[in-house]
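Colleague: With the sequence up front, the predicted model follows.
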Amino acid sequence: MIKNIFIRYRELILYGLIGASCALLDFCIYSILCTVLSFLIAKLNSTPCGIFCSFFLNRNFNFKVVDKSFRRFFMFYLVGLLGLVVSEGLLFVMINYFCTEKLLAKLITVGIVAIIQFLLNKFVTFNTSEK
């Protein structure tokens, strides 16, 4: 049963695990850099590390598509920026118009944005069909 679920949703599960791992890397680097740098400089350095880690792991181990690396990384980064915009918009609407508690709104938003980003990365960033 669990094996069948993993096989069926392998890419989504790995995407989530990779995302969580790279978010943890981002957080650790940020935490270390905050001890010697301003939080803004720390974030400017930690975020690209998390994004690059996520791209590399998804490219090599999840979607297993290693061609056109620069173009794919650029698309991956754009999907990440889109996720940021969607996340901010959803948080704003949920908190200000639907009076959703802030942590619950963040939790819901993370789930929605993760699915959107997964689908875009699967079918756009790491799409192997030639156009």
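Modeller: Thanks, I have the structure now. Given the structure is predicted, the values throughout are model-derived calculations rather than measurements.
Colleague: going forward, measure contacts and count neighbours with C-alpha atoms only.
Modeller: Noted.
Colleague: For the spatially most central residue of the chain, give its distance to Arg59.
Modeller: The centroid of the chain falls nearest to Gly19 when counting by CA atoms, centre = their mean (5.3 Å). Per CA to CA, to the nearest Å, Gly19 is found 13 Å from Arg59.
Colleague: Packing partners of the strand or helix carrying Ile108?
Modeller: Per DSSP states H and E: Ile108 is located in helix 102-120. Applying 3 or more CA pairs under 8 Å, 6 or more residues apart in numbering; DSSP states H and E, one finds that helix 102-120 makes contact with helix 10-33, helix 69-96.
Colleague: Let me have those helices in CSV, extended by mean pLDDT and distance to Phe118.
Modeller: Output for the helices and strands packed on helix 102-120, formatted as CSV (pLDDT from 0 to 100; distance: least, CA to CA, whole Å):
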stretch, mean pLDDT, distance to Phe118
helix 10-33, 94, 7
helix 69-96, 94, 9
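Colleague: where does Lys64 land in three-state SS?
Modeller: coil (DSSP: H, G, I helix; E, B strand; the rest coil).
Colleague: what about the nearest residue to Asn121 once chain neighbours are set aside, how many neighbours?
Modeller: Spatially, and ignoring its direct neighbours in sequence, Asn121 is nearest to Phe76 (6.5 Å; CA to CA, 6 or more residues apart in numbering). Per other CA atoms under 10 Å, the neighbour tally for Phe76 reads 23.
Colleague: Pretty sure the residue nearest to the centre of the chain sits against Ser54.
Modeller: Yes. Using CA atoms under 8 Å, Gly19 is in contact with Ser54, at 6.1 Å.
Colleague: Against the centre of the chain, work out the most remote residue.
Modeller: In the chain, the residue most distant from the centre (CA atoms, centre = their mean) is Met1, at 27.8 Å.
Colleague: sec struct for Phe98, please.
Modeller: Strictly by three-state DSSP, Phe98 counts as coil.
Colleague: Phi, psi for it please.
Modeller: Phi and psi for Phe98, reported as degrees, to the nearest 10, are phi -110, psi 0.
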